[in-house]
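Trainee: Sequence and predicted structure below; questions after.
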Amino acid sequence: MNIYVILKRTFDTEEKIAIENGKISEDGVEFIINPYDEYAVEEAIKLRDEHGGEVTVVTVGEEESDKQLRTALAMGADKAVLIDDEDVEYGDQYSTAKILAAYFKDKEVDIILGGNVAIDGASGQVGPRLAELLDIAHVTTITSLEIDGTTAKIERDVEGDLEIIETSLPVLVTAQQGLNEPRYPSLPGIMKAKKKPLEELELDDIDLDEDDVEGKTRTLEIYLPPEKQAGKVLEGEVDDQVKELVSLLRSEAKVI
């Protein structure tokens, strides 16, 4: 099987977000594989081990993303590809999907896996956009995946329930929490990852230029939400508490 994983470099979930001049500061920040993409990498490795083939992980980003690709290789992926988008002045989900589509246009694909959302933007757009550009089926928020020949049987998380879908390959799926338990890179895996191929591409290599992938959106400003006011504990008899609560809702919260 020709198995691909699209992944993103994101802030470590433990990082505290700092804003400087209307932008997120990256000074001293640790980056990781987007956690939802880790489920995709794990599932891709399991599919390869069961059905054969190879796993290629692909990211669109700057040179620093090679660290996250090496982590995926240490987990067990076979190859990695970094498509440098540093020259794209205004990149967004549209840009990323267009770049990935140009990369995949001449590839034989059985399945592409990605995370349901990225923990930074959380738009969930890139996977479905890419599938539409490639004209292949796509299923989001999956929690189970079985491949039988050229058929994929998929369970996906829908609000309050579970949906079961069958579709033919090729297909693009996005992983939801619960699909699997991602493995940690082992020491032998980390050593092997250093020798595995990591291809670095420029936009020219996939027949694109900056104007082809200029984003459709602009971020004008980023700011933190206002700090929450300290809560109040009402004391006394219940009737007195109710009267005080109504008074506070009217005079301070101004919601009644």
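Mentor: Received the coordinates, thanks. Numbers count the residues shown, from 1 in each chain.
Trainee: ok, now which ones touch Ile24?
Mentor: Taking C-beta atoms under 8 Å, 6 or more residues apart in numbering as the criterion, Ile24 is in contact with Ile17, Ala18, Ile222. For glycine as for every other residue, the C-beta is placed from the backbone atoms N, C-alpha and C.
Trainee: one more time with 6 Å
Mentor: Ile24 makes contact with Ile222, according to C-beta atoms under 6 Å, 6 or more residues apart in numbering.
Trainee: For it, give me the backbone phi and psi.
Mentor: With angles defined as degrees, to the nearest 10, Ile24 sits at phi -70, psi 130.
Trainee: What distance do you get for it to Lys16?
Mentor: Distance of Ile24 to Lys16, computed by C-beta to C-beta, to the nearest Å: 11 Å.
Trainee: and the nearest residue to Lys216 once chain neighbours are set aside, helix, strand or coil?
Mentor: Nearest residue to Lys216 in three dimensions, chain neighbours excluded: Tyr94, at 4.7 Å (C-beta to C-beta, 6 or more residues apart in numbering). Recorded secondary structure, Tyr94: helix (DSSP: H, G, I helix; E, B strand; the rest coil).
Trainee: Double-check that Ile99 belongs to a strand.
Mentor: No: when classified by three-state DSSP, Ile99 is found to be helix rather than part of a strand.
Trainee: What sits closest to it if chain neighbours are left out?
Mentor: Spatial nearest neighbour of Ile99, excluding adjacent residues (C-beta to C-beta, 6+ apart): Val60 at 5.0 Å.
Trainee: and the helix of greatest length in the chain, what does it pack onto?
Mentor: As assigned by DSSP state H, the longest helix anywhere in the chain is helix 35-51. Applying 3 or more C-beta pairs under 6 Å, 6 or more residues apart in numbering; DSSP states H and E, one finds that helix 35-51 contacts strand 2-6, strand 54-61, strand 111-115, strand 171-175.
Trainee: Let me know which of these is the nearest to Ala72.
Mentor: Across the helices and strands packed on helix 35-51, Ala72 has its closest neighbour in strand 54-61 (4.4 Å, C-beta to C-beta).
Trainee: buried ones in that closest one?
Mentor: Neighbour counts using 16 or more other C-beta atoms under 10 Å place Val55, Thr56, Val57, Val58, Thr59, Val60, Gly61 of strand 54-61 among the buried residues.
Trainee: just stretch 142-161 next, same as before
Mentor: Here stretch 142-161 shows Ile142, Thr143, Ser144, Leu145, Ile147, Ala152, Ile154, Glu155, Arg156, Asp157 as buried, counting by 16+ other C-beta under 10 Å.
Trainee: tilt between the helix or strand containing the second one and strand 171-175?
Mentor: Same thing as Thr143. Per DSSP states H and E, Thr143 falls inside strand 137-148. Interaxial angle, strand 137-148 versus strand 171-175 (axes from the mean of the first three to the mean of the last three C-alpha atoms, to 10 degrees): 90 degrees.
Trainee: and strand 137-148 with strand 2-6, angle?
Mentor: 130 degrees.
Trainee: what lines up beside strand 137-148 in the sheet?
Mentor: Its sheet considered, strand 137-148 pairs with strand 151-158 (antiparallel), strand 171-175 (parallel) by DSSP bridges.
Trainee: helices or strands up against the helix or strand just after the longest one?
Mentor: Translated: strand 151-158. As assigned by DSSP H and E, the chain's next helix or strand after strand 151-158 is strand 161-168. Applying 3+ C-beta pairs under 6 Å, 6+ apart, we find strand 161-168 packed against strand 151-158.
Trainee: so for the strand it packs on, what's the average pLDDT?
Mentor: Strand 151-158 comes out with an average pLDDT of 94.
Trainee: re the thing from before, just give the number of residues close to the residue nearest to Lys216.
Mentor: When counting by other C-beta atoms under 10 Å, one arrives at 17 neighbours for Tyr94.
Trainee: now swap in the one 4 residues further on and tell me
Mentor: Number of residues near Lys98 (other C-beta under 10 Å) recorded here: 22.
Trainee: Enumerate the beta-bridge partners assigned to the closest residue to Val58 other than its chain neighbours.
Mentor: Spatial nearest neighbour of Val58, chain neighbours left out: Val81 (4.5 Å); criterion: C-beta to C-beta, 6+ apart. For Val81, the beta-bridge partners under DSSP bridges are Val58, Glu199.
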